[in-house]
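Novice: Fold the following for me, if possible:
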Amino acid sequence: MASLNAFPDFPSPGEITVCERGGRICSLPANEVNASLSCKLLSYPEINIGRELFHHAATHIREDRRTIMMPVNETLLKRITRTFFEEGTVEALKEAANYASTQYNPLIGSIARYMLIVVSIGNHIKLFLKPHLKDQGIDSVAKYSQTKDWSKSAIRYISWHPNCFKIAIAASDDTIRVYSDEPNIVPILKSGAQKFVGSLAWRPFASGELAVGCQNGVLVWNIDPNSLIARPLSQAVQLKYKQHYPVTSVEWSPNGCLLSTASINNPDILIWDVDQNRQVPLRRVGPPCALLKWSPTGTRLCCTTVGNVFRVWQTNKWIPDRWTINHGTIQSIVWSNSGSHLLFVTTEDSFLYCLGFVEDEVFTSTLVPKSALPVADLSKILIDQVEVGGRPQALAWCPQSQYLAITFKDTSAIAIFNTVINRTQLNISPACFLTGTGIENASCICFQLNLGRRSNEKMKTVLTIGWSSGRIQYFPFV
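Specialist: Model prediction:
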């Protein structure tokens, strides 16, 4: 089993690891990093989304709308009716309970108070049966996000297009910036319905179709690179279905025909035919879904939940294999390029696990129960007096399944492993640690899916890192 103890030491003080070349790790002084990268990655956009670009609303300050209006004399019925339409049933009952008992009919106040008690008992029963509903709003999205410190991070998600040189970056101001090899054109996607972005996915074989999972469901943007930079809401199609929101994971099938979505408030996975605006729910009794990941071959769809259950669906018949873990929930999952191996980490321990699939069967001996095998120990250790490892945050596996990157919840260094797959066997070995400058933490990571001709040197793959400062770093493997 691989472990962090076998990793090489960090670069010398004042140096930063900038690339991997022929199996050797290259480091340079921090003040030369930008110049070196600009020589090797000529057409890659320089991105630094600083906090000064954001104009956050003070979401923590909420004024009672009744206090900013001029006081007027209203009858009890009008007051209750207005509150009902503006703020809902519970607030209307509170209005009746507060004002009727003191200024109007005490009987109405007593009835309202008893109804509030009934509503409270019903809510307690609901939370007992469905404890995941205790986390609502931005806190629930942050809890199940792949991004470290999602609610505070300048960068909340990164997504490379699978077929062309185009990268989408979701920022904490609820905008999405799209960068390409045209540095003068940076589309900015923003709308009132796009709040708390939790996931992005480019549609394969379509140059400008981007699905966005957010608080209000799914927005599908159709981006025309020749139009204005700022995109109005009319260019986005909103997909909503009953209580299927907030959407924390959106994934296109590898052929681009189907869009799968998951919501932490709904146990159903939705499979969308976006062109026809139709959906089919994959219904299962149990905790809601949190994360989806198609295998690159399109034959399987892995779905994690907010509980200890996860399922792997066979998409030819849409039949699921149900799996459970001992403690916690699944934190992150990745598929190998052939779809033969599934790697995952959990929220409660520091191991990397592997499930293998060959001819629709998990490759375990007939004498041994089918189970996931730990392949790497990620327990926290000290290297050069710096803590590394611990509970994993996110996984990223390169398209060739040669390099695996792992970020951690409590430490800032990124661990890079070398991986080799021999049909039923995965070999994993340590490569290096990556660190930011100063006190930066890696918020999110992903590998570029399609390199094309983007540099003056042939590269195997490029790891893209979104640092907590808002800086994007490209780490090439040459």
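
Novice: gap between the two ends of stretch 280-293?
Specialist: With CA to CA, to the nearest Å as the measure, stretch 280-293 spans 17 Å from end to end.

Novice: Tell me where this structure is predicted with low confidence.
Specialist: 32-40, 42, 51-74, 99-105, 126-137, 225-234, 358-370, 452-457 (pLDDT under 70).

Novice: show me where it has helices.
Specialist: Ranges of helices within the chain are 33-40, 76-87, 89-100, 106-129, 138-143, based on DSSP state H.

Novice: I'd like to know which of these lies nearest to residue 338.
Specialist: helix 33-40 (29.5 Å; CB to CB). C-beta: built from backbone N, CA, C; applies to glycine.

Novice: Quick one: the helices of the chain as JSON lines, columns for distance to residue 20 too.
Specialist: Listed next are those as JSON lines, based on distance: least, CB to CB, whole Å:
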{"stretch": "helix 33-40", "distance to residue 20": "12"}
{"stretch": "helix 76-87", "distance to residue 20": "56"}
{"stretch": "helix 89-100", "distance to residue 20": "57"}
{"stretch": "helix 106-129", "distance to residue 20": "49"}
{"stretch": "helix 138-143", "distance to residue 20": "32"}
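
Novice: Make CSV out of these and add distance to residue 23 and mean neighbour count.
Specialist: Listed next are the helices of the chain as CSV, based on distance: least, CB to CB, whole Å; neighbours: other CB atoms under 10 Å:
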stretch, distance to residue 23, mean neighbour count
helix 33-40, 17, 14
helix 76-87, 62, 15
helix 89-100, 62, 18
helix 106-129, 53, 12
helix 138-143, 38, 18
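
Novice: which one of the ones you listed lies closest to residue 294?
Specialist: Comparing the helices of the chain by CB to CB, helix 138-143 comes nearest, at 21.6 Å.

Novice: what about the closest one, distance to the chain center?
Specialist: Here the centre of helix 138-143 is set off from its chain's centre by 11 Å, with CA atoms, centre = their mean, to the nearest Å.

Novice: same check, this time on stretch 183-199
Specialist: The mean C-alpha position of stretch 183-199 is separated from the chain mean by 15 Å, CA atoms, centre = their mean.

Novice: returning to that earlier point: between the helices of the chain, which gets nearest to residue 312?
Specialist: helix 138-143 (23.1 Å).

Novice: Touching, residue 410 and residue 392? I think so.
Specialist: No. If you go by CB atoms under 8 Å, residue 410 and residue 392 don't touch, sitting 10.2 Å apart.

Novice: neighbour-wise, which of these two wins?
Specialist: residue 392 (23 against 12; other CB atoms under 10 Å).

Novice: tell me, how many neighbours does the closest residue to that one other than its chain neighbours end up with?
Specialist: Counting by CB to CB, 6 or more residues apart in numbering, residue 392 lies nearest to residue 345, which is 3.9 Å off, once chain neighbours are set aside. Neighbour count of residue 345, defined by other CB under 10 Å: 25.

Novice: For residue 345, list the residues it contacts.
Specialist: Counting by CB atoms under 8 Å, 6 or more residues apart in numbering, residue 345 makes contact with 330, 331, 332, 351, 352, 353, 378, 392, 395, 406.

Novice: Tabulate these (a markdown table), appending distance to residue 478.
Specialist: Compiled in a markdown table, the contacts of residue 345 are given as follows (distance: CB to CB, whole Å):
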| residue | distance to residue 478 |
| --- | --- |
| 330 | 33 |
| 331 | 31 |
| 332 | 27 |
| 351 | 31 |
| 352 | 26 |
| 353 | 30 |
| 378 | 27 |
| 392 | 27 |
| 395 | 23 |
| 406 | 21 |
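
Novice: of all these, which comes closest to residue 160?
Specialist: residue 395 (15.8 Å).

Novice: And that closest one, how close does it get to residue 182?
Specialist: As judged by CB to CB, to the nearest Å, residue 395 and residue 182 stand 31 Å apart.

Novice: Which of these two has more residues huddled nearby?
Specialist: residue 395 (20 against 12).

Novice: Now do the closest residue to residue 325 other than its chain neighbours: how many residues are near it, please.
Specialist: Distances taken as CB to CB, 6+ apart place residue 308 nearest to residue 325, at 5.0 Å, with adjacent residues excluded. By other CB under 10 Å, the residues close to residue 308 number 18.
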